[in-house]
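> Mind folding the following:
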Amino acid sequence: MGLDFGKGGLTALRWVLGSTFTFSGVVKCVDPVGTAIFVEKYLATYSLEALLPLSLTIAIALSVMEFSLGCLIIDRVFSRVVSTITLSLVALFTVVTLLSATILPIGECGCFGNVIELTPWQTFFKNVVLLIMAFVVWRSERGEAMTFNFVAVIFSIAVPLIINIYALRHLPIIDFMPYDEGRNLREEVLKERAEERDAVRSMLKFRSVTTNDEQLFDSTDSACWLNDDLEFVEAVTITSEVADLTYNDFHLYTSEGEDVTENLLQRSGHVVLLCINDGDVSKKQMRGIEQVMAKYSDDDIVVLSAMKVDEEWCRDIEQLSIDAMTLRSMMRADVGVVVLCDGVVEFKANIRDL
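The predicted model follows:
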């Protein structure tokens, strides 16, 4: 192709390409459950539902592969093999993201987990740039002798595996979701709810008797009723779009279907949210729940689940339902605890760590 970047240019390309892969692998390793959710979206979109039980395994494998390839590209270890695999992988990603941006829309791609959100077209053009880089690096490595470094290979595989295992057994090392410790849920959620309410306005439509023109007036405006030139047509509701609703799906319901989200967040003192993503609570998880119940009164504890938890231990505890995906965003563990203090996330943990 006549591309000559020189030694310095090729080194820079390797570092950019390798760093992108390493970063992508790291953010996936940190939150394997979140990565698995993105994998499930792709599998469902491509009608591969049979592979859904393997979504977490695929997510871990993908994160390890990306991290490992990134490190080995930078270190130039097994360069011919690594550059070939990288070029093939980026080419596949480019095709998939083009389909996602056109005939198989999937929304946010999850390339960088929940850290950096890209639209399908942004993801596609990002992959086109990476494809060019990968091709140049692959082309430059064709005649080069390969260097072998098994220590580097083991390191590049072991590190992401350890991070994945830690995140699965505990919680992600870094919480990228909007329910992290220190987050003022009361302030942020109530602000969003107020913006949503303000976006819905009741208006009155009047028509001018003289010109036949129609005008809208606020429902609290009494002057329109006193104008002899105006005749009432109808009452209308105007809804303005509210952008960037982080907590649009964060709603807590009683068994009767009443939304009590705002009431819960406005409670003073501690509110302990026992988050149960899986209906089956193991004996080990039960020991952690018993510690929570011993430390806090039943009035301070709320069981959150997408399904009814019909267990003897929670008969006298308030239960609220929540969207399953929202609950998984709040708590990556199957069973975990989120402690609010005056609406602020004071503490959160996998129940096994209590």
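
> What are the buried residues along stretch 45-58?
For stretch 45-58, burial by neighbour count (16 or more other Cβ atoms under 10 Å) applies to 55-56, 58. Using the backbone N, CA and C atoms, a C-beta is placed for each residue, glycine as well.

> One more: stretch 61-74?
62-74.

> outside of it, which residues touch it?
With contact meaning Cβ atoms under 8 Å, 6 or more residues apart in numbering, stretch 61-74 is reached by 14-15, 17-26, 28-29, 32, 35, 39, 78-79, 82-83, 85-86, 89, 137, 152-153, 155-157, 159-161, 164.

> Now with 7 Å, please.
By Cβ atoms under 7 Å, 6 or more residues apart in numbering, the residues outside stretch 61-74 that reach it are 14-15, 17-19, 21-22, 24-26, 28-29, 32, 35, 78, 82, 85-86, 137, 152, 156-157, 159-161, 164.

> Who's the closest spatial neighbour of the residue nearest the centre of the chain, skipping the chain neighbours?
The residue lying closest to the centre of the chain (Cα atoms, centre = their mean) is residue 114, at 4.7 Å. Leaving aside its sequence neighbours, residue 114 sits nearest to residue 176 (Cβ to Cβ, 6 or more residues apart in numbering; 4.3 Å).

> what are the ranges of the helices in the stretch 151-300 of the chain?
Per DSSP state H, counting those that start in this stretch, the stretch 151-300 of the chain carries helices over the ranges 185-198, 223-226, 261-265, 283-295.

> export these to a markdown table and tack on distance to residue 349?
Output for the helices of the stretch 151-300 of the chain, formatted as a markdown table (distance: least, Cβ to Cβ, whole Å):
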| stretch | distance to residue 349 |
| --- | --- |
| helix 185-198 | 17 |
| helix 223-226 | 57 |
| helix 261-265 | 20 |
| helix 283-295 | 9 |
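
> Out of the ones you listed, which one sits most buried?
Most buried of the helices of the stretch 151-300 of the chain, by mean neighbour count (mean count of other Cβ atoms under 10 Å): helix 261-265, with a mean of 17.

> Residue 104 against residue 45, yeah?
Yes - using Cβ atoms under 7 Å, residue 104 is in contact with residue 45, at 5.5 Å.

> Show the backbone phi and psi for residue 48.
phi -110, psi 50 (degrees, to the nearest 10).

> Derive a PyMOL selection command for the buried subset of the contacts of stretch 61-74.
Buried residues among the contacts of stretch 61-74 (16+ other Cβ under 10 Å), as a PyMOL selection:
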select buried, resi 14+17+18+21+22+24+25+26+28+29+32+35+78+82+85+86+137+152+156+157+159+160+164
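
> show me where pLDDT drops low in the stretch 151-300 of the chain?
Along the stretch 151-300 of the chain, the model assigns pLDDT under 70 to residues 242, 279.

> That one: strands as residue ranges?
In the stretch 151-300 of the chain, the segments counted as strands under DSSP state E, counting those that start in this stretch are 200-208, 214-218, 230-239, 270-276.

> Tell me which of these approaches residue 99 most closely.
strand 230-239 (33.0 Å; Cβ to Cβ).

> Pairing partners for the closest one, with directions?
Strand pairing for strand 230-239, determined by DSSP bridges: strand 200-208 (antiparallel).

> Identify each buried residue in the partner strand, please.
The neighbour-count check on strand 200-208 (16+ other Cβ under 10 Å) flags 203-204, 206-207 as buried.

> for the residues you listed, which one is nearest residue 277?
Closest approach to residue 277 among the buried residues of strand 200-208 (Cβ to Cβ): residue 203, at 43.0 Å.
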